[in-house]
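**Q** this one's structure only:
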């Protein structure tokens, strides 16, 4: 384990640091979104973990207790959401450290966890990471804008086209 990486739950005082760091590295997340994440942490709807590398913010990851993906919502499967690691700190084990920590939380409480991943090249690293970590497709095919893609239909390839995967604690 890399002792330079610290993973902890988000605090109120992290809001500005998260916004500024992500903005500086062109991973812009609106301030309203970051504040909403914090509010959802307080209400228990979301758990947000932040990663510090040498005491500097370098990434974050969320666990949604109630997924927006219908199958996960119906089955009570929490969803890992929005993994961001600043580009200059990638390949240091930060993403895996965040995933280890959030999976442990999910497995302790639910025994299973789900995640959605985009299907075009920008998501290539995430696709490989999730496969290496033992995530498997949930068997329901692709979803576009929250709806299952039917055979013969046309969809726009972008951030709204995803495949959903699951992993349970036995893997």
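**A** In hand now; what should we look at? Everything quoted here is computed from the prediction, not taken from an experiment.

**Q** which residues touch the residue most central in space within the chain?
**A** Residue closest to the average C-alpha location in the chain (CA atoms, centre = their mean): residue 81, at 2.7 Å. Residues in contact with residue 81 (CB atoms under 8 Å, 6 or more residues apart in numbering) are 46, 61, 62, 63, 64, 115, 116. The way it works is simple: take the backbone N, C-alpha and C, and place the C-beta from them, glycine included.

**Q** Pairing partners for the last one in the sheet, please.
**A** Judged by DSSP bridges, the bridge partners of residue 116 are residue 164.

**Q** Pretty sure it sits against residue 160.
**A** No. Taking contacts as CB atoms under 8 Å, residue 116 lies outside contact range of residue 160: 10.3 Å.

**Q** What ranges does the protein have for its helices?
**A** For the chain, applying DSSP state H gives helices covering 15-24, 31-43, 70-75, 94-109, 124-132.

**Q** How about the shortest one, which residues are buried there?
**A** Buried residues in helix 70-75, counted by 16 or more other CB atoms under 10 Å: 71, 72.

**Q** how about residue 159, phi and psi?
**A** phi -60, psi -20 (degrees, to the nearest 10).

**Q** Determine the number of other residues adjacent to it.
**A** Residues near residue 159, counting by other CB atoms under 10 Å, number 12.

**Q** Then residue 107?
**A** Neighbours of residue 107 (other CB under 10 Å): 17.

**Q** That one and residue 166 touch, don't they?
**A** No. Residue 107 is beyond contact range of residue 166, at 11.8 Å (criterion: CB under 8 Å).

**Q** Common neighbours of these two, please.
**A** residue 113.

**Q** any weak-confidence spans in the chain?
**A** Scanning the chain with the threshold set as pLDDT under 70 gives 1-2, 171.

**Q** and the most far-flung residue of the chain relative to its centre, how far is that from residue 163?
**A** The C-alpha centroid of the chain is most remote from residue 152, which lies 30.1 Å away (CA atoms, centre = their mean). Distance of residue 152 to residue 163, computed by CB to CB, to the nearest Å: 18 Å.

**Q** Is residue 114 in contact with residue 78, as I believe?
**A** Yes. Counting by CB under 8 Å, residue 114 touches residue 78, with 7.0 Å between them.

**Q** Show me whatever sits in contact with both of the two.
**A** The contact sets of residue 114 and residue 78 overlap at 67, 72 (CB under 8 Å, 6+ apart).

**Q** Could you count how many residues lie near the closest residue to residue 35 other than its chain neighbours?
**A** In space, and not counting its chain neighbours, residue 35 is closest to residue 15: 6.1 Å by CB to CB, 6 or more residues apart in numbering. Residue 15 has 15 neighbours, counted by other CB under 10 Å.
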